[in-house]
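**Q** Any chance you can model this:
(2 chains)
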Amino acid sequence: MPSRRDYDDIPGTIVFDGRQSRRGYALNKFLMSLNQAANREAFKADEAAYLDRFRLDDEQREAVLGRRWLRLLEVGGNVYYTYKLAACDGMTFQDLAGAQTGMTRQEFAEMMLSGGRSPHEGR
Amino acid sequence: MARVAGGVGCSHVPAVGAAIDKGRTEEPYWAPYFAKLDRARRWIAEVDPDVCIVVYNDHASAFSLEVIPTFALGLADEFPPADEGYGPRPVPVVQGHPELAWHLAESLILDEFDITLVNEMPVDHGLTVPLSVMFGQPEAWPSAVIPLCVNVVQYPPPTGHRCYRLGQALRRALDAYEGDERVVVFGTGGMSHQLQSERAGFINVDFDTAFLDHLVDDPEAVATIPHLDYLRDAGSEGIELVMWLVMRGALGPRVREVYRATHLPTSNTHNGLLILEEES
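**A** Numbering: from 1, shown residues only, chains lettered A, B, ... in the order given. Below you'll find the predicted structure:
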């Protein structure tokens, strides 16, 4: 596999390719476990203890506990898996999308209502 | 032979499902979008399909990173709505059509499409939101459904060209079927959107318009769009549009656009709804 990909220069975009998938396997396994209500309850009751069941590295663990949404993707989280954690916190998918951009919830919602982020901003 | 009565292209935005489930379709944010569905719902009520083949992607519901099938066909009697992390949608259990599904499986594999066969799986918003868009909130879905699941979550998804050819193989299989079921093929997902990283919120109406135009009149050209172009110009999640090419491939070369509706935004997505019938 080449070390650089033709999509690496797309601004503000992390393609969930083999590099990210390998990096994030344990993290995404934890996130996938939140599909089960009993696991969601166990996680909410004691987040740190629940995370001990999975082999997260320190960066991933800190990103989960700190709800660092963009960081979660950088350390291998896939956005659909990451949404399961956001849903645990009562967030909508738009809340999660916006939280990765540095915009406030309101700013992001207004940007979408006015037609979304323009392709002229970077492609 | 089974008769292909038409094709539906349909975004599968989870917030659309939530708006229906929570009775919010009349709210100012949603009412203009839902007003655009009436024509499509009348069309499918008139067609009254026996079977809908719904091409969609699973979003970490039935499949995880443990096993990632590129193409997976659902053979079961029924498919329950999935808990995607916030409880299952309150929608009817999806009834399958094992006889036709097994015929498709055998035909596709012998036609050199090495699909994965699935006897048990829950179905998530990728499949159930398009059903809600087209059928509303019935007590039971009025049509059997065969799920055809495409990986678009783990890069790389299958190419647009491969999806188009799969649609053509699906058609050959339907033509060879002994039954006379009326079939509608759904291609779901898209249009332009990006849910992740600093470019989240990306929308490209010009790309989407050109995609829809050419999907109708020049699908062979649309099938050559490389992944890089989707990622760059439709947003990282806009690449779901490859699934519309399976639907288009299942129709003949010449089609008539029965209905097109777009809406911006539904949550983070430029929403598309397209109905095609073959030219007779």
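
**Q** Surely residue A:81 is in contact with residue B:60?
**A** Yes: at 5.0 Å, residue A:81 counts as touching residue B:60 under the criterion of C-beta atoms under 8 Å. The way it works is simple: take the backbone N, C-alpha and C, and place the C-beta from them, glycine included.

**Q** Overlap of the contact sets of the two?
**A** Here residue A:81 and residue B:60 have A:28, A:31-32 as joint contacts, going by C-beta atoms under 8 Å, 6 or more residues apart in numbering or on different chains.

**Q** circling back to that earlier point, could you check which of residue A:81 and residue B:60 is surrounded by more residues?
**A** Shown here are residue A:81 and residue B:60; by other C-beta atoms under 10 Å in any protein chain shown, residue A:81 has more neighbours (28 against 24).

**Q** what sits against that one?
**A** Neighbour list for residue A:81: A:27-28, A:31-32, B:60 [criterion: C-beta under 8 Å, 6+ apart].

**Q** Check the secondary structure at the residue nearest to the spatial centre of chain A for me.
**A** Nearest residue to the geometric centre of chain A (C-alpha atoms, centre = their mean): residue A:82, 3.9 Å. Here residue A:82 is recorded as helix under DSSP: H, G, I helix; E, B strand; the rest coil.

**Q** that older thread, near chain B, list only the ones from the shared contacts of residue A:81 and residue B:60.
**A** By C-beta under 8 Å from any C-beta of the partner chain, the members of the shared contacts of residue A:81 and residue B:60 lying near chain B are A:28, A:31-32.

**Q** any chance of the residues you listed in CSV, plus neighbour count, pLDDT and secondary structure?
**A** Below are these laid out as CSV (neighbours: other C-beta atoms under 10 Å in any protein chain shown; pLDDT from 0 to 100; DSSP: H, G, I helix; E, B strand; the rest coil):
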residue, neighbour count, pLDDT, secondary structure
A:28, 27, 98, helix
A:31, 27, 98, helix
A:32, 21, 98, helix
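
**Q** now those in CSV, with distance to residue B:104?
**A** Compiled in CSV, these are given as follows (distance: C-beta to C-beta, whole Å):
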residue, distance to residue B:104
A:28, 31
A:31, 33
A:32, 29
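
**Q** Flag the shaky bits of chain A, pLDDT-wise.
**A** Applying pLDDT under 70 to chain A flags residues A:1.

**Q** circling back to that earlier point, kindly indicate which of the shared contacts of residue A:81 and residue B:60 lies nearest residue A:44.
**A** Residue A:44 has its nearest neighbour among the shared contacts of residue A:81 and residue B:60 in residue A:31, at 14.3 Å by C-beta to C-beta.

**Q** ok, residues contacting the helix or strand hosting residue A:21?
**A** Using DSSP states H and E, residue A:21 sits in helix A:18-23. The contact list for helix A:18-23 (C-beta under 8 Å, 6+ apart) reads A:1, A:14, A:28, A:73, A:75-76, A:78, B:65, B:154-155.

**Q** 7 Å - rerun?
**A** With contacts defined as C-beta atoms under 7 Å, 6 or more residues apart in numbering or on different chains, helix A:18-23 is touched by A:1, A:14, A:75-76, B:65, B:154.

**Q** which of those count as buried?
**A** Among these, those buried by neighbour count (16 or more other C-beta atoms under 10 Å in any protein chain shown) are A:14, A:75-76, B:65, B:154.

**Q** Could you work out the most separated pair of those residues?
**A** A:75 and B:154 (16.8 Å).

**Q** residue ranges for the helices of the chain, please.
**A** All of this refers to chain A. Using DSSP state H, the helices of chain A run over residues A:18-23, A:25-33, A:37-45, A:47-51, A:58-65, A:69-74, A:79-88, A:93-99, A:105-113.

**Q** think we crossed wires, I meant chain B
**A** In chain B, the segments counted as helices under DSSP H are B:14-21, B:31-35, B:38-47, B:98-110, B:125-135, B:160-175, B:205-217, B:219-222, B:227-233, B:242-250.

**Q** Of the ones you listed, flag the one that's most buried.
**A** The highest mean neighbour count among those, using mean count of other C-beta atoms under 10 Å in any protein chain shown, belongs to helix B:242-250: a mean of 29.

**Q** Contacts for that helix next, please.
**A** Under C-beta under 7 Å, 6+ apart, the answer for helix B:242-250 is B:4, B:7, B:9, B:55-57, B:148, B:150, B:152, B:157-158, B:160, B:163-168, B:170-171, B:185-190, B:215, B:219, B:222-223.

**Q** do stretch B:90-102 as well
**A** B:2, B:21, B:51, B:73-81, B:123, B:128, B:132, B:138-141, B:144-146, B:177, B:179, B:181.
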